[in-house]
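*Asks:* no sequence on this one, just coordinates:
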């Protein structure tokens, strides 16, 4: 019986990519939360579509912009992994102290936190971005800078997520990092210049 449950754990979709079972469970939970958020939004829009469509566009736009702002914060937290690990690789950090604390020890603690929460927060932020996109497109697509930059950012997010899965086994040839930088630039432009 025990052997049967062990073989079941190894055959799940994420088990092919994420070897650590605790990390896989945390990611599954946040993936389910993100999917539930999207389904709840679709259901909400279905129930209140008439009210949403008759709402003043500025008020409606403010609502879906809030989703975008929340996702923006989440993605910036997610991207914090890169500067933290860049600093940890720097050999000059070793001897630096801040009071009685060694800077490297503090960075290692922060690194552990950002490493643990990188994927769950990214999944949650992605779910929120899909809500933002869904609501933005629901009232019609406009051929302007805001909509085009948002669509390009969202399209970049899809291969970024796939390469993130491959990153667990280091099979991404650093494409996850390159796509993350591209996404950061596109997302920053969309969020701040539209």
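*Replies:* Arrived safely, thanks for sending. Not measured: the values here are computed from a predicted model.
*Asks:* switch to C-alpha atoms for all contacts and neighbour counts from now on
*Replies:* Noted.
*Asks:* What values do phi and psi take at residue 38?
*Replies:* Taking degrees, to the nearest 10, you get phi -60, psi -50 for the backbone angles of residue 38.
*Asks:* Wait, it touches residue 128, no?
*Replies:* Yes: the pair residue 38 and residue 128 qualifies as a contact (CA atoms under 8 Å) at a distance of 7.5 Å.
*Asks:* Tell me which of these two has more neighbours.
*Replies:* residue 128 (26 against 20; other CA atoms under 10 Å).
*Asks:* how about the more buried one, what does it touch?
*Replies:* Under the criterion of CA atoms under 8 Å, 6 or more residues apart in numbering, the contact partners of residue 128 comprise 34, 37, 38, 67, 68, 70, 71.
*Asks:* Report whether it is found in a helix, as I expect.
*Replies:* Yes: applying DSSP: H, G, I helix; E, B strand; the rest coil, one finds residue 128 inside a helix.
*Asks:* tell me the contacts of the residue most central in space within the chain?
*Replies:* Centroid-nearest residue in the chain: residue 122, 2.0 Å away (criterion: CA atoms, centre = their mean). If you count contacts by CA under 8 Å, 6+ apart, residue 122 has them with 74, 75, 78.
*Asks:* Would you quantify the distance from it to residue 102?
*Replies:* 30 Å (CA to CA, to the nearest Å).
*Asks:* same check, this time on residue 86
*Replies:* 17 Å.
*Asks:* ok, those two, which is more surrounded?
*Replies:* Just comparing residue 86 and residue 102: by other CA under 10 Å the higher neighbour count belongs to residue 102, 14 against 9.
*Asks:* what about the nearest residue to that one once chain neighbours are set aside, how many residues close to it?
*Replies:* Across the structure, with CA to CA, 6 or more residues apart in numbering as the measure, the residue nearest residue 102 apart from its sequence neighbours is residue 96 (6.1 Å). With neighbours defined by other CA under 10 Å, the count for residue 96 comes to 11.
*Asks:* Quick check: residue 96 touching residue 107?
*Replies:* No: the pair formed by residue 96 and residue 107 falls short of the contact definition of CA under 8 Å, at 11.2 Å.
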